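>>> task: produce atomic coordinates for the following.
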Amino acid sequence: MALCDLLPCEIISVDSAMIYRGMDIGTAKPTAAELARAPHRLIDICDPAETYSAADFRRDAMAAMAEITAAGKIPLLVGGTMMYFKALLHGMSGLPSASPAVRRDLEQEAGERGWEALHEELRSSDPVAAERIHPNNRQRLMRALEVLRLTGKPISEFWKAESDTGGQPTAAAQDGDIEDYTYFTRWQADETSLLPYTVVQLAIMPPERRVLHERIRLRFLKMLDSGFLDEVRALMLRDDLHPDLPSMRCVGYRQAWSYLSGEDDYETFVGKGVAATRQLAKRQLTWLRKWSDVDWLDSDDKHIAEAALKKIRLRTTFNFDK
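Predicted coordinates:
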């Protein structure tokens, strides 16, 4: 927001949890006052029952960037969903976007035949994917069958294509514990950006890991004080939401759902929520360390906006005079 005061920027949110309406406290969405100061695009664009892929984000972000640049302004993309940044910068692996019609059919079939039967269907057509996707992981099971029905190809072939070009899809396939990535890949650090823009990449990090961990703990406690559990209770009252949905698997929400369902006591819930947030931050840093052309900023710098502006000036020829 400080950069928006210094440059003619418009913010685009790059956060796979802030896209959902009604999920405000647990995603730390900007307040009404903050949004009045600096509006954010791609916030509150989905219902929690809906799915939204990295491909969907790339499409929407590209459209927003075109509108912003056409108005003579600078798109400022801000957030921590690294898969979204990867999709935007380097494109997608060729996987089709989600099909509401196919997903409705799969949901109906699951209701009639059961999810185990759908998993057996996947096993007969794509044993590699079936081995890596647990029968209880409905979202990934549905995605694998959806890709198969839309393209006629097993999703494992797309994973292999990613791997052949420097990707590593097995993390998503084997670890259904990655809450905020539609699927997880890594890529060669020297890949060329597909964007028709000059890109300046800034990463903000405390100088010491212990500082980050303490801020994560305090942030989680502050969310609880702000009514986070009431927010999750309201979501649980809906008949169309369940803990396997991408929205409910977001960090914090999954742990709160387990606590409110009686699976954990309060102290265990808080510990799991803080730990999950730390794990997310660790994954974000893992991505960033592999990123090329990243300029790092110290979050404790009281003049961080000015420091960012200096780095931007070094990498662009943009006329900064408004």
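
>>> contacts, neighbours, all on C-alpha from now
Noted.

>>> strands of the stretch 151-300 of the chain, residue ranges please.
Applying DSSP state E, counting those that start in this stretch to the stretch 151-300 of the chain gives strands spanning 201-205, 294-298.

>>> now these in JSON lines, with mean neighbour count, mean pLDDT and distance to residue 97?
Formatted as JSON lines, the strands of the stretch 151-300 of the chain follow (neighbours: other CA atoms under 10 Å; pLDDT from 0 to 100; distance: least, CA to CA, whole Å):
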{"stretch": "strand 201-205", "mean neighbour count": "15", "mean pLDDT": "95", "distance to residue 97": "27"}
{"stretch": "strand 294-298", "mean neighbour count": "15", "mean pLDDT": "95", "distance to residue 97": "29"}
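
>>> now render those strands as a markdown table, adding distance to residue 125.
Formatted as a markdown table, those follow (distance: least, CA to CA, whole Å):
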| stretch | distance to residue 125 |
| --- | --- |
| strand 201-205 | 41 |
| strand 294-298 | 42 |
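
>>> residues near residue 135, how many?
Per other CA atoms under 10 Å, the neighbour tally for residue 135 reads 18.

>>> pLDDT weak spots in this structure?
93-94, 161-193, 318-322 (pLDDT under 70).

>>> please redo it, this time with the cut-off set to 50
Within the chain, the segments meeting pLDDT under 50 span 163-191, 322.

>>> state which helix of it is the longest.
Taking DSSP state H as the criterion, the chain has its longest helix at helix 266-290.

>>> what lies in contact with stretch 125-135?
Residues from elsewhere that reach stretch 125-135 (CA atoms under 8 Å, 6 or more residues apart in numbering): 115-116, 119-120, 122-123, 140-141, 144, 154-156, 173-174, 176.

>>> how far away is residue 266 from residue 75?
41 Å (CA to CA, to the nearest Å).

>>> to clarify, my last question referred to residue 45.
18 Å.

>>> between those two, tell me which one has more neighbours.
Neighbours per residue (other CA under 10 Å) separate residue 45 from residue 75, with residue 75 holding more: 21 against 12.

>>> partner residues bridging the closest residue to residue 77 other than its chain neighbours?
Take residue 77 and drop its neighbours on the chain: the residue closest to it by CA to CA, 6 or more residues apart in numbering is residue 12, 4.7 Å away. Under DSSP bridges, the beta-bridge partners of residue 12 are residue 41, residue 77.

>>> please renumber so the chain begins at 288
In the new count, where the first residue is 288, that last one comes out as residue 299.

>>> so who does residue 299 touch?
Taking CA under 8 Å, 6+ apart, one finds 327, 328, 329, 348, 351, 362, 363, 364, 365 in contact with residue 299.

>>> now do the SS call for residue 589.
In three-state terms, and counting by DSSP: H, G, I helix; E, B strand; the rest coil, residue 589 is coil.

>>> can you check residue 312 too?
Per three-state DSSP, residue 312 ends up coil.

>>> and the nearest residue to it once chain neighbours are set aside, how far from residue 411?
Distance criterion CA to CA, 6+ apart; nearest residue to residue 312, sequence neighbours excluded, is residue 515 at 5.6 Å. Between residue 515 and residue 411 the computed distance is 43 Å (CA to CA).

>>> and stretch 427-434, how far from the chain's centre?
In terms of CA atoms, centre = their mean, to the nearest Å, the centre of stretch 427-434 is found 19 Å from the chain centre.

>>> quick one on the thing from earlier: what's the longest helix of the chain in contact with?
For helix 553-577, using CA under 8 Å, 6+ apart, the contacting residues are 367-369, 473, 476, 490, 500, 503-504, 507, 538-539, 542-543, 545-546, 581.

>>> buried residues, it. List them.
556-557, 559-565, 567-568, 572, 574-575 (16 or more other CA atoms under 10 Å).

>>> picking up where we left off before, just the buried ones among the contacts of residue 299, please.
327, 328, 329, 348, 351, 362, 363, 364.

>>> the third one touches residue 307, doesn't it?
No - using CA atoms under 8 Å as the test, residue 329 is too far from residue 307 to be in contact (9.5 Å).

>>> which SS class is residue 390?
Going by three-state DSSP: residue 390 is helix.

>>> for residue 385, same thing?
coil.

>>> and for residue 336?
Taking three-state DSSP, the label given to residue 336 is coil.

>>> so how far is residue 562 from it?
26 Å.

>>> check residue 379 too.
Applying CA to CA to residue 379 and residue 562 gives a distance of 31 Å.

>>> hmm, back to that, neighbour count for residue 515 and residue 411, which is higher?
residue 515 (21 against 11).

>>> count the residues that sit near residue 513.
Neighbours of residue 513 under the rule other CA under 10 Å: 13.

>>> ok now do it, which residues does it touch?
When contacts are counted by CA under 8 Å, 6+ apart, residue 513 touches residue 312.
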